[in-house]
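**Student:** only geometry, no sequence info:
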Ligand SMILES: CC(=O)SCCNC(=O)CCNC(=O)[C@H](O)C(C)(C)COP(=O)(O)OP(=O)(O)OC[C@H]1O[C@@H](n2cnc3c(N)ncnc32)[C@H](O)[C@@H]1OP(=O)(O)O
Ligand SMILES: CC(C)C(=O)C(=O)O
């Protein structure tokens, strides 16, 4: 299979992401991880940009042993000299020199005619030749360059001594068929093209960076430039992990491969995200948090029967432990049953159905139902606790300048519905006064505590109360995404158990499953 070289520019183009600034230590940490990932080339920075970047590139150049280290330069002697300086001590140094070739850049930015562009680039490559055996020349904005002129530029670069010619789609303007056609044309029309490597460097302004890079491969590109997590100038660059996984997953189609250690992908992605501060979107291909997570019942059922129904890549391939079945409102019984087994619960079918109905109610209120939520939900209910009172509705009125009041409606075991409104020092006090008014039980609140069962602002709140009546006490627990409702449920639960204890004094409190 044809080998595609991976040129990583996370430390150069990736660092051009607004807001990203990597110091030497951070660049080194990423470079070591890129070595583990097995990239062929590491573009460590733009040494002429600042003394700090020159020093960082030098540190990377001296540290990296298993990849070529590259510095970027404009077609100017002082920039090339800075790269010479920065790459001192490198085991396998290479220069990357560029000049824009498109009519827009020639006219407005460089203010050069075509022949001046050719002369300037040729002079720079020839100047660099005395220092470097490996030189990549980039025709910046190649995507918007006249194809016949791009052939001329490529011919000039080969004659001047470039070993790699890069065809950047600098502004992410290309589509796969146009971009592929550039590579095909260069391969067909430029003499001596077989002596050099052709490289693709794409930007993601129209969301086509990876597709364009793959089109370049299909049309003869030898090297792909990109970054981890696709970070980079504006909308970013081709994401290296996407190209590597596309080639690995669809080898049948592309007939090309990288020599990356794919198991290092997830780790590299996490490190780059941490050090650059650029958060990876959940739905990002390959490395997003949801890339191997399944939420809907039909998908989860398929996954439990056979993973390939909904996964084209196994998460282990990129160094993740496993896929995730996320319980949410679209989940079905198959995934729910599996989760119960995972959590160590053995319930009969009827209990599973009851628990599943409660789970669906909870999932309507909460985005992600976590393991802690399910445990709490299963253990909330005391199967043997008869419901003398059950909560029907709760309404609370609270203002920091008015007295809180609560209206509670309960249903008795006989089916009678009772309603009571009361005021209190706070919302919970008002709720408990209203319940006391309804039940006419003379109880004392001995203990009240509240905790969050899981994380986030939609987390379940769990309230625990202890009520006392004539030296007998009983505990109660209430669970809800609303802490006031959880408070009411806990109080009523404790009351029910207190009444039950009064009827059968020897009975102990026992928590059990639904
Ligand atoms: C497509 C890319 O990603 S290219 C890489 C982009 N990365 C960077 O620019 C980061 C590092 N850059 C820098 O720190 C600074 O721009 C420097 C140090 C390189 C230059 O700074 P300054 O000398 O102040 O120039 P400034 O950035 O304002 O303008 C760029 C100059 O380089 C010229 N230039 C641009 N590209 C090239 C090139 N490939 N070869 C030669 N000259 C170039 C411009 O025409 C302009 O020249 P002018 O001042 O004569 O008009
Ligand atoms: C320097 C070149 C390769 C570049 O970053 C671009 O054109 O996007």
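**Tutor:** Structure's in. What do you need? What you are looking at is a predicted structure, and each value in this text was computed from that prediction instead of being measured. Ligands and ions are numbered 1, 2, ... in the order given.

**Student:** From ligand 2, how far off is residue 155?
**Tutor:** 19 Å (CB to the nearest ligand atom, to the nearest Å). For glycine as for every other residue, the C-beta is placed from the backbone atoms N, C-alpha and C.

**Student:** Same check on residue 464?
**Tutor:** 59 Å.

**Student:** dump the residue contacts of that residue.
**Tutor:** Each residue near residue 464 by CB atoms under 8 Å, 6 or more residues apart in numbering is listed here: 447, 448, 449, 450, 451, 475, 476, 477, 490.

**Student:** Take those and keep only those in helices.
**Tutor:** Mapping the contacts of residue 464 onto helices (DSSP state H) picks out residue 490.

**Student:** Strands - which of the contacts of residue 464 land there?
**Tutor:** The strands, defined by DSSP state E, take in 447, 448, 449, 450, 451, 475, 476, 477 from the contacts of residue 464.

**Student:** Please pick the buried ones from the contacts of residue 464.
**Tutor:** Using 16 or more other CB atoms under 10 Å as the burial test, those include 475, 476, 477, 490 as buried.

**Student:** how much space between the third one and residue 309?
**Tutor:** In this case it means residue 477. When distance is defined by CB to CB, to the nearest Å, residue 477 is 40 Å away from residue 309.

**Student:** what separates the helix or strand of the chain with the lowest mean pLDDT from the chain centre, distance-wise?
**Tutor:** Least confident helix or strand of the chain, by mean pLDDT, DSSP states H and E, is helix 371-380 with a mean of 80. Centre-to-centre, helix 371-380 and its host chain are 27 Å apart (CA atoms, centre = their mean, to the nearest Å).

**Student:** Can you give the contact residues for that helix?
**Tutor:** If you take CB under 8 Å, 6+ apart as the criterion, helix 371-380 is touched by 327, 339-340, 342-343, 345, 355, 358-359, 362, 366, 453-454, 460, 462, 477-479, 511, 513-514.

**Student:** what's the next secondary structure element after that helix?
**Tutor:** Next in sequence after helix 371-380, counting helices and strands by DSSP states H and E, comes strand 389-399.

**Student:** how about that following strand: buried residues?
**Tutor:** 389, 391, 394, 396.

**Student:** Check stretch 317-332 too.
**Tutor:** Using 16+ other CB under 10 Å as the test for burial, stretch 317-332 gives 318, 319, 320, 323, 324, 325, 326, 327, 328, 329, 331, 332.

**Student:** between those residues, which is nearest ligand 1?
**Tutor:** Each of the buried residues of stretch 317-332 was scored against ligand 1 by CB to the nearest ligand atom, and residue 318 proved nearest at 28.1 Å.

**Student:** so what's the residue in the stretch 401-514 of the chain that ligand 1 sits nearest to up against?
**Tutor:** Of all residues in the stretch 401-514 of the chain, the one sitting closest to ligand 1 is residue 456 (39.2 Å; CB to the nearest ligand atom). Residues counted as contacts of residue 456 (CB under 8 Å, 6+ apart) are 367, 368.

**Student:** Report pLDDT for it.
**Tutor:** We have a pLDDT of 77 for residue 456.

**Student:** Use 817 as the first number from now on
**Tutor:** Sounds good: first residue 817 from here, last item residue 1272.

**Student:** In three-state terms, label it for me.
**Tutor:** Three-state assignment for residue 1272 (DSSP: H, G, I helix; E, B strand; the rest coil): coil.

**Student:** so how far is ligand 2 from it?
**Tutor:** Counting by CB to the nearest ligand atom - residue 1272 and ligand 2 are separated by 39 Å.

**Student:** same thing with residue 1083?
**Tutor:** The value you get for residue 1083 to ligand 2, if CB to the nearest ligand atom is used, is 26 Å.

**Student:** burial of that residue, as a residue count?
**Tutor:** By the criterion of other CB atoms under 10 Å, residue 1083 has 15 neighbours.

**Student:** Just name whatever secondary elements whichever strand or helix holds it is in contact with.
**Tutor:** Per DSSP H and E, residue 1083 falls inside helix 1081-1092. Other helices and strands packing on helix 1081-1092, by 3 or more CB pairs under 8 Å, 6 or more residues apart in numbering; DSSP states H and E, are helix 840-853, helix 1056-1065.

**Student:** which other residues reach the shortest one?
**Tutor:** The contact list for helix 1056-1065 (CB under 8 Å, 6+ apart) reads 820, 822, 824, 855, 1026, 1029-1030, 1033, 1040, 1042-1046, 1070, 1072-1074, 1076, 1078, 1081, 1084-1085, 1101-1103, 1128-1129, 1133-1134.

**Student:** Tell me the buried residues within those.
**Tutor:** For these, buried by 16+ other CB under 10 Å: 820, 822, 824, 855, 1026, 1029-1030, 1033, 1040, 1042-1046, 1070, 1072, 1074, 1076, 1078, 1081, 1084-1085, 1102-1103, 1129, 1134.

**Student:** Strands - which of the residues you listed land there?
**Tutor:** Going by DSSP E, the strands hold 822, 824, 1040, 1042, 1072 from the buried ones among the contacts of helix 1056-1065.

**Student:** Give me the nearest residue to the fourth one, chain neighbours excluded.
**Tutor:** The reference is to residue 1042. residue 1054 (3.7 Å; CB to CB, 6 or more residues apart in numbering).

**Student:** any idea how far the host helix or strand of residue 1017 is from the chain center?
**Tutor:** Residue 1017 belongs to strand 1013-1018 when assigned by DSSP H and E. The chain centroid and the centroid of strand 1013-1018 are separated by 27 Å, computed with CA atoms, centre = their mean.

**Student:** for ligand 1, what are the nearby residues on this protein?
**Tutor:** Contact residues (CB under 6 Å from any ligand atom) of the chain with ligand 1: 829, 832, 862, 864-865, 890-892, 914-915, 925-926, 956, 986, 1049.

**Student:** what helix or strand does residue 941 sit in?
**Tutor:** Residue 941 belongs to helix 930-945, assigned by DSSP H and E.

**Student:** just residue 1022 next, same as before
**Tutor:** Using DSSP H and E, no helix or strand contains residue 1022.

**Student:** How many neighbouring residues does it have?
**Tutor:** 15.

**Student:** which residue packs closest to it, ignoring adjacent ones?
**Tutor:** residue 988 (5.5 Å).

**Student:** What pLDDT is listed against the one you found?
**Tutor:** pLDDT at residue 988 comes out at 98.

**Student:** quick one, strands of the stretch 867-1016 of the chain?
**Tutor:** Under the criterion DSSP state E, counting those that start in this stretch, the stretch 867-1016 of the chain contains strands at 884-890, 909-916, 951-956, 980-985, 1013-1018.

**Student:** Could you dump those strands into a markdown table with mean pLDDT and mean neighbour count added?
**Tutor:** A markdown table is the format used below for those (pLDDT from 0 to 100; neighbours: other CB atoms under 10 Å):
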| stretch | mean pLDDT | mean neighbour count |
| --- | --- | --- |
| strand 884-890 | 98 | 25 |
| strand 909-916 | 98 | 24 |
| strand 951-956 | 99 | 26 |
| strand 980-985 | 98 | 25 |
| strand 1013-1018 | 98 | 27 |
